[in-house]
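A.B. asks: pasting the structure only:
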């Protein structure tokens with residue numbers, strides 16, 4: 001099992017949302033999970049106009065990718081989130097506020113970099129999340 005320490009040093013100030021400033025990791029292996037989007041196992045887009053539905057599918061895909069390698073959200077050490085619309089930042093923060101306590105029940109949220117991009121691989125996709133996990 002990896003030794004994962006989530007750290008928020010006072011010198012960096014309080015995070016602006018459900019994330020931490022630093023993850024310190026001792027692990028034997030890392031998983032680098034490609035950015036997950038709101039498509040199901042058949043490739044069909046889920047929630048074409050529904051940001052919350054897309055978030056749900058993205059994090060379900062991440063959970064499935066982690067589980068396929070014998071891991072869970074407890075192994076996640078970093079997230080990178082890409083949003084297509086800056087107007088969705090508040091919705092993303094609300095989703096995290098609601099769902100992250102379930103995904104990370106110990107309250108130790110991994111660092112997350114949030115970027116706004118012009119578009120994703122398919123036009124109806126609104127969010128993509130890349131994940132790094134330690135094993």
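C.D. replies: Structure received. Not measured: the values here are computed from a predicted model.

A.B. asks: Could I get the buried residue list for the longest helix belonging to the chain?
C.D. replies: Longest helix of the chain, by residue count under DSSP state H: helix 51-68. For helix 51-68, burial by neighbour count (16 or more other Cβ atoms under 10 Å) applies to 51, 54, 55, 56, 57, 58, 59, 61, 62, 65, 66. For every residue, glycine as well, the C-beta is placed using N, CA and C.

A.B. asks: tell me the phi and psi of the residue lying closest to residue 107 once chain neighbours are set aside?
C.D. replies: Nearest non-adjacent residue to residue 107, counting by Cβ to Cβ, 6 or more residues apart in numbering: residue 101, 7.0 Å away. Dihedral pair for residue 101: phi -60, psi -30, per degrees, to the nearest 10.

A.B. asks: Give me the distance between residue 9 and residue 110.
C.D. replies: 15 Å (Cβ to Cβ, to the nearest Å).

A.B. asks: ok, residue 112 to residue 125 distance?
C.D. replies: Counting by Cβ to Cβ - residue 112 and residue 125 are separated by 19 Å.

A.B. asks: re the thing from before, residue 9 and residue 110 - which one has more neighbours?
C.D. replies: In terms of neighbours (other Cβ atoms under 10 Å), residue 110 is the more surrounded of residue 9 and residue 110; the figures are 22 against 9.

A.B. asks: For the more buried one, list the residues it contacts.
C.D. replies: 6, 19, 20, 23, 76, 77, 78, 79, 104 (Cβ atoms under 8 Å, 6 or more residues apart in numbering).

A.B. asks: sec struct for it, please.
C.D. replies: coil (DSSP: H, G, I helix; E, B strand; the rest coil).

A.B. asks: is the residue nearest to it when sequence neighbours are not counted in a bridge, and if so with what?
C.D. replies: Closest residue to residue 110 apart from its sequence neighbours, by Cβ to Cβ, 6+ apart: residue 76 at 5.0 Å. On the basis of DSSP bridges, residue 76 is bridged to residue 133.

A.B. asks: and the gap between residue 76 and residue 95?
C.D. replies: Counting by Cβ to Cβ - residue 76 and residue 95 are separated by 16 Å.

A.B. asks: Over to residue 58?
C.D. replies: 10 Å.
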